[in-house]
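[1] Structure for this input, please:
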Amino acid sequence: MPSPRPSHQDFPHPDLTLEVGGPFACWTRPDLKTERVSYPVPTPSGVRGVVEAVFWKPEISVIIRRIEILSPISWVRITRNEVTNIVTDDWLNRARADPGHRFDAARERDQRSTLLLRDVRYRIHFQYVMRPHAQGTVAKYRDQFRRRVERGACYSAPFLGTREFSADFFGPPGDDGPEQFALEPFIMLHSIDYGDRGQETYSWFVAEVCGGVLDVPQHGIELGTAPAHRRASAGVGA
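    You can find the predicted model right below:
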């Protein structure tokens, strides 16, 4: 069953907008594990990470409403040397105790192919929702966000799906409309909830791109959990 769409009563304020772009983006599909493959359009969780990188406060939640694709979809494949394991806390403790302890990158090296997007630009429509413990008004944080964008300031460096693909952000938004194209409906990652015991709960939704616009439901459908070691293959912020 599709997730319910939020009504106008749920969000009394007009949508906030943020335009982002960059030379590369990879909105990683978590269902493909052998090679990293991007969705053709951004995931809601991915663009939520971009918005929160520009302006974040613990008192507010970001609800993604709509994503406009402002540039044609263009693919490129790259092959990189990556490592199969990550540095753990135990490894760090042993390295501190023994200066001769080294991470053998050559032995852990693995060549992986990535299918990603090139020359991307998006317009993100979103809303702020106050969390239960928050004090103040939504208008206060909306104004703070606008001032942050005007100055080109950010809370942390925004990126487009994975950290190596940095994002530029723009404001105020331009007048150009989205690319006029459509995609057949497909199942897409909505969000990932990280549990207290290292488990991930994935939620999904049926993505429909019409006229270059992806409308995002407020909630996805949960279909299961995944162990913590699969986080890296899902892509940071994907």
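[2] Is the residue nearest the centre of the chain in a helix, a strand, or coil?
    The residue lying closest to the centre of the chain (CA atoms, centre = their mean) is residue 46, at 0.9 Å. Secondary structure for residue 46, judged by DSSP: H, G, I helix; E, B strand; the rest coil, is helix.
[3] Residue 186: how many residues sit nearby?
    Neighbour count for residue 186, taken as other CB atoms under 10 Å: 12. Every C-beta, even on glycine, is put in place using the N, C-alpha and C of the backbone.
[4] quick check: longest helix of the protein.
    Longest helix in the chain, counting residues (DSSP state H): helix 138-151.
[5] Who are the packing partners of it?
    Where contact means 3 or more CB pairs under 8 Å, 6 or more residues apart in numbering; DSSP states H and E, helix 138-151 is packed against strand 16-25, helix 44-54, strand 109-130.
[6] can you give me the mean pLDDT across the helix or strand just after the shortest one?
    Helices and strands here follow DSSP states H and E; after strand 16-25, the next one along the chain is strand 36-37. Here strand 36-37 scores 92 as its mean pLDDT.
[7] strand partners of strand 36-37, parallel vs antiparallel please.
    Strand pairing for strand 36-37, using DSSP bridges, gives strand 109-130 (parallel).
[8] May I see the buried residues of the strand it pairs with?
    Burial within strand 109-130, assessed by neighbour count using 16 or more other CB atoms under 10 Å, is assigned to 114, 116, 117, 120, 121, 122, 123, 124, 125, 126, 127, 128.
[9] The fourth one touches residue 19, doesn't it?
    No: the criterion here is CB atoms under 8 Å, and residue 120 misses it with residue 19 at 11.1 Å.
[10] can I get the helices and strands packed on helix 138-151 in TSV with distance to residue 140 and mean pLDDT?
    As requested, the helices and strands packed on helix 138-151 are exported to TSV (distance: least, CB to CB, whole Å; pLDDT from 0 to 100):
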stretch	distance to residue 140	mean pLDDT
strand 16-25	13	96
helix 44-54	16	96
strand 109-130	10	93
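[11] returning to what we had before: which of the buried residues of strand 109-130 lies at the shortest distance from residue 39?
    Distance to residue 39 across the buried residues of strand 109-130 (CB to CB) is lowest for residue 117, with 8.7 Å.
[12] rewinding a little: relative to residue 219, which of the helices and strands packed on helix 138-151 is closest?
    Across the helices and strands packed on helix 138-151, closest to residue 219 is helix 44-54 (CB to CB), at 10.2 Å.
[13] right, and the helix or strand after the closest one?
    Next helix or strand after helix 44-54 toward the C-terminus (DSSP H and E): strand 60-69.
[14] returning to what we had before: state the mean pLDDT of the longest helix of the chain.
    For helix 138-151, mean pLDDT rounds to 93.
[15] CA atoms of that helix as CSV?
    Extracted C-alpha coordinates of helix 138-151, given in CSV (Å, rounded to 0.1, in the frame of the first residue of the first chain):
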residue,chain,number,x,y,z
VAL,A,138,9.1,27.3,12.8
ALA,A,139,9.4,30.8,11.4
LYS,A,140,12.5,31.4,13.5
TYR,A,141,14.4,28.4,12.0
ARG,A,142,13.1,29.2,8.5
ASP,A,143,14.6,32.7,8.7
GLN,A,144,17.9,31.2,10.0
PHE,A,145,18.0,28.8,7.1
ARG,A,146,17.5,31.6,4.5
ARG,A,147,20.3,33.7,6.0
ARG,A,148,22.6,30.7,6.1
VAL,A,149,22.0,30.1,2.3
GLU,A,150,22.4,33.7,1.4
ARG,A,151,25.8,33.8,3.1
